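Q: From the sequence below, what's the structure:
(one chain, ligands or ions: 2)
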Amino acid sequence: MSDIRTGHCNCGAVRFRTRGPLREVVACHCSQCRRQTGLYYAATNVADENIEIEGEANITWYHASDVAKRGFCATCGSALFWKHQADQHISVLAGAFDQPSGLAITKHIFCTDKGDFYEITDGLPQYAKGSAGLLVAED
Ligand SMILES: [Zn+2]
Ligand SMILES: [Zn+2]
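A: Residues are numbered from 1 along each chain as shown. Ligands and ions are numbered 1, 2, ... in the order given. Predicted coordinates:
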């Protein structure tokens, strides 16, 4: 099958491979994403059965809330994954993909929580909290 994408953390201990089309990239500016990344989270997502993860033992899962966890490489700290327990999809950080990823940001969410040191100026839709049809941890 074509439409294969690969990616990895900074040190290479965690690698992944996705199959098939991926969701548009959503940029989340909530306070958790701000603190985890230092800026904001930009992630696509993929059905659980369409991703293979190598080096899973090297992922630390931080249970950031009752419903979702954040996965990062235990060695190099690269943020990689976000997983909502009610979803059969896993979010994958767009920046972790090998380039060219063919991905594009299409919207911004939790804009009211964004850091005060930057502006969102790309003209894409901005949502104060989540947007319809998107499963998020915060309300
Ligand atoms: Zn790593
Ligand atoms: Zn967020």
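Q: Which residues does residue 71 form beta bridges with?
A: For residue 71, the beta-bridge partners under DSSP bridges are residue 61, residue 81.
Q: Touching, it and residue 83? I think so.
A: Yes. In this structure, residue 71 is within contact of residue 83 by CB atoms under 8 Å, at 6.8 Å. Where you see a C-beta, it was placed from the backbone N, CA and C, and this is true even at glycine.
Q: who's more crowded, the two?
A: Between residue 71 and residue 83, counted using other CB atoms under 10 Å, residue 71 has the larger neighbour count: 23 against 18.
Q: Please name the residues that touch that one.
A: Applying CB atoms under 8 Å, 6 or more residues apart in numbering to residue 71 gives the contacts 59-62, 79-83.
Q: do you know how far it is from residue 127?
A: Going from residue 71 to residue 127 by CB to CB, to the nearest Å gives 24 Å.
Q: Residue 44 and residue 26: what is the separation?
A: Computed as CB to CB, the residue 44 to residue 26 distance reads 8 Å.
Q: related to what we said a few turns ago, any common contacting residues for residue 71 and residue 83?
A: Joint contacts of residue 71 and residue 83 (CB under 8 Å, 6+ apart) are residue 61.
Q: Would you verify that residue 32 is located in a strand?
A: No. Read with DSSP: H, G, I helix; E, B strand; the rest coil, residue 32 is helix and lies in no strand.
Q: pLDDT wise, what is it at?
A: Per-residue pLDDT puts residue 32 at 95.
Q: near ligand 1, which residues of the chain?
A: Contact residues, the chain versus ligand 1 (CB under 5 Å from the ion): 9, 11, 13, 73, 75-76.
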